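> Dropping the sequence and predicted coords here.
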Amino acid sequence: MVVLGDRQPRMADHLSAVGAGIVGQAEDPEELAGLLAGIEGDVVLLDADTDCSGVYPIADVCATGASRVLVGAGGTAPLRIASGTVVSAGTSSAPLFDHQNQAVGCLRIAAADRGALDQALADLPDGPPGQMWEQLLSLLVMRAVSVKPVDAAPFEVGQGAVDRAAKPVGLQARRCARGGDGWVSERTVRRMSRAVTPVAVRWGLAPNTITLVSLLTGAVAVATALTGSRWGYLATAVLMIISLVLDCVDGEVARWTHRYSTSGAWLDAVGDRVKEYSIWFAVAWAVGQQQFWMLILATLLLYTTKHFLDYGWSLRFPPWRPSAVAISAEPDPWHRAGAVPPAVRPPSWRRILGMPIAERWLLVAVLLPTTGPWVTFGALALLGAFSLAYTVLTRIRWSHRAIDEHMADRLQAITDPGPLLLALRPARNGWAPATAIGLILFLAAVGAADGRGYVLLLGFALALGLFALGYGRGPRGRLGWMTPAVARSAEMVAVIAIAWPVASHGAAVFALLAASAWRHYDVIYRIRNQGALPGRLAWLLLLGTEGRVLVAIVLALVFGTGAWAWFALYVAGVAIIDSAWSWLRV
């Protein structure tokens, strides 16, 4: 660590706590260059006047990994942040035209970025005015160096003395709680998790251990739901809340202790959906009425469609990355170069309208033991329909630009067209109305089949041709982000429609749709966390959207819809093996 200034650093007590050794002090660029010449690897630059009310944010900045800078409301260097990276950095004397946060003088430069730091030192005379650390940060970002912001909140930071926090452990628990949860869950579940997380850290529990306990708790909740009794539902509700709290705790412990792993990412990605689907299945099994299975299937359809609208929306443009701009002493060269990310609306209570998983679990936990399964899932379905309508209308309203064609392969991966559709599609942009016409024709064929298999197969063939016409070159245009949701809903509607006239195997229908949905959720998590697309072999084995519908038709005609349970096991088995292979080899 190099201290910038001629005095003892204000946070000397924190430095000893994190084991950071000071190798020297520098008052000007020449002294700093001389000190850096004798230091190999990572280096932390600390302005002597910078202070923080707690040690935990300082430990996060000093942890190994990427280049980082400490940010907080008391900072002096204005920042723009997008996709978890600083994309614009001004100084106190050359501010940005607009900003989201402010940095303070605690900056870690990774070994891989040391060359850029040396160049920034050489560029200081041509760069923006300000304190030396502000100038270096701004020049690094001008060269498109990726600097990760470390948010100190709720700890206080400043370029001057800051009082030490009275309850630092409690503040750290708040700091490690992931933002962006639903309005209700932030005020209920997160409060409980913040009480448990410090205990888990003190006991040395690994995040993966907590995740496994959460999965086991969910499994017991499934067992109690299968009883179908009021007391069983009450036990299910309690266990669901415990599992939900533990789902928060594992991530908070990982962020607190920096214990991240690919296996943990995989467990976290697959666990939530498995638990939720298992609870729904158990309640429907206990009720044992075909009409209730249809309610569960409708609920599954609504939420899956809504989620893939969200995922498609998030993939319409690539993640924003720092853009190199010409070295300049003028304020905000990024604004002049047009390298400013679009404004992001602040989170609000409207997140509850999206019905995140915590809100859904809380709804089921409260209503199931008090009102019974019908009211619980009727309310869940109604809220899902409202959330879906709200999502569609608001997202279409904000769809002003065509999606980035570089994201088309990712959108296609979660749309999941199979070999049949890709072989038939025209080499031009799709005609969207053809998709709706194809689905309507297929549903009409299902209604008119009356046991005649050839009518059903003919309807499928017509629908396939129209779907290929609608798909064309793949997701494109202003509403291309809706393609994955259309595919997921079309597959589910088709399967439910086939099963409806002989609706005697609701469990098999649910299992097939849940297995297919889980596969596509997993693909989304891989794209988000690994930046990887699914392999060709698994895609071929899983047949694509239209291939699974065709197999479902053939199985229903030959063996009945009960055979779908075996098909569901096949889909789930291939998906799980492919998922585990993808995650664990990273």
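It's in. Residues are numbered from 1 along each chain as shown.
> just the strands in the chain please.
2-4, 24-26, 43-47, 50-52, 67-71, 77-82, 85-89, 101-109, 147-151, 157-159 (DSSP state E).
> of these, which approaches residue 501 most closely?
Residue 501 sits nearest to strand 77-82 of all those, at 51.0 Å, using CB to CB. Yep, even glycine has a C-beta here, placed from its N, CA and C like the rest.
> just to revisit the earlier point, can you say which of the strands of the chain is nearest to residue 437?
strand 77-82 (40.0 Å).
> what sits up against the closest one?
Strand 77-82 has contacts (CB atoms under 8 Å, 6 or more residues apart in numbering) with 71, 86-92, 95-96, 98-104, 130, 133-134, 137-138, 149, 319-320, 334, 340-341, 344.
> run the last query once more with 7 Å
Contacts to strand 77-82, defined as CB atoms under 7 Å, 6 or more residues apart in numbering, come from residues 71, 86-92, 95-96, 99-103, 134, 137, 149, 320, 340-341.
> What average pLDDT does stretch 306-321 get?
For stretch 306-321, mean pLDDT is 90.
> cool, and stretch 126-140?
The average pLDDT for stretch 126-140 rounds to 94.
> So which bits of that stretch are buried?
Within stretch 126-140, the residues scored as buried using 16 or more other CB atoms under 10 Å are 127-128, 130-140.
> Check the spacing between residue 478 and residue 255 real quick.
Separation of residue 478 from residue 255 (CB to CB, to the nearest Å): 37 Å.
> ditto for residue 581
27 Å.
> Tell me which of these two has more neighbours.
It is residue 255, of residue 581 and residue 255, that has more neighbours when counted by other CB atoms under 10 Å, with 18 against 11.
> Would you confirm that that one contacts residue 176?
Yes: contact criterion CB atoms under 7 Å: residue 255 and residue 176 qualify, at 4.3 Å.
> List the contacts of residue 5.
25, 27, 47-49.
> are any of these buried, and which?
25, 47-49.
> Which of those sits closest to residue 307?
residue 47 (44.6 Å).
> what does the model give the nearest residue to that closest one once chain neighbours are set aside for pLDDT?
Spatially, and ignoring its direct neighbours in sequence, residue 47 is nearest to residue 105 (2.6 Å; CB to CB, 6 or more residues apart in numbering). At residue 105, the model reports a pLDDT of 91.
> Please apply the same query to the one 3 residues further on.
Confidence at residue 108, expressed as pLDDT, is 93.
> now the one 5 residues further on
Reported pLDDT at residue 113 in the predicted model: 93.
> re the thing from before, quick one: the residue nearest to residue 47 and residue 133 touch, right?
Yes: at 4.3 Å, residue 105 counts as touching residue 133 under the criterion of CB under 7 Å.
> which neighbours do those two share?
4, 47.
> Quick one, grab the pLDDT at residue 451.
Reported pLDDT for residue 451: 78.
> what's it sitting at in phi/psi?
Main-chain dihedrals, residue 451, degrees, to the nearest 10: phi 90, psi -10.
> Let me see the ranges of the helices in the stretch 401-550 of the chain.
Remark: helices assigned in the stretch 401-550 of the chain by DSSP state H, counting those that start in this stretch are 408-415, 419-424, 433-449, 453-471, 483-499, 506-529, 536-541, 544-558.
> err, the stretch 201-350 of the chain, not the other one
Counting by DSSP H, counting those that start in this stretch, the helices of the stretch 201-350 of the chain are 207-225, 230-257, 262-287, 290-314, 333-336.
> Out of those, which is closest to residue 199?
The minimum distance between residue 199 and the helices of the stretch 201-350 of the chain falls on helix 230-257, with 9.1 Å, by CB to CB.
> so how far is the closest one from its chain's centroid?
Between the centre of helix 230-257 and the centre of its chain there are 19 Å (CA atoms, centre = their mean, to the nearest Å).
> Next: stretch 280-287.
Relative to its parent chain, stretch 280-287 has a centroid offset of 29 Å by CA atoms, centre = their mean.
> which residues sit against that stretch?
For stretch 280-287, the surrounding residues in contact (CB under 7 Å, 6+ apart) are 222, 225-228, 292-293, 296, 373, 506-507, 510.
> for that stretch, what is the average pLDDT?
Stretch 280-287 comes out at a mean pLDDT of 96.
> cool, and stretch 176-185?
75.
> what's the answer for stretch 473-493, then?
Rounded mean pLDDT across stretch 473-493 is 93.
> I'd like to know which elements the lowest-mean-pLDDT helix or strand in the chain is packed against.
One helix or strand of the chain scores below all others by mean pLDDT, DSSP states H and E: helix 183-187, with a mean of 78. Judged by 3 or more CB pairs under 7 Å, 6 or more residues apart in numbering; DSSP states H and E, helix 183-187 is in contact with helix 357-371.
> Hey, what's the angle from the helix it packs on to helix 230-257? Just curious.
160 degrees (axes from the mean of the first three to the mean of the last three CA atoms, to 10 degrees).
> Show me the contact partners of helix 357-371.
With CB under 7 Å, 6+ apart as the test, helix 357-371 has contacts from 181-182, 184-185, 188-189, 230, 233-234, 236-237, 240-241, 244, 272, 276, 279, 352, 375-376, 379-380.
> let's go with 8 Å and repeat that
181-182, 184-185, 188-189, 225, 230, 233-234, 236-238, 240-241, 244, 272, 276, 279, 283, 303, 352, 375-377, 379-380, 383.
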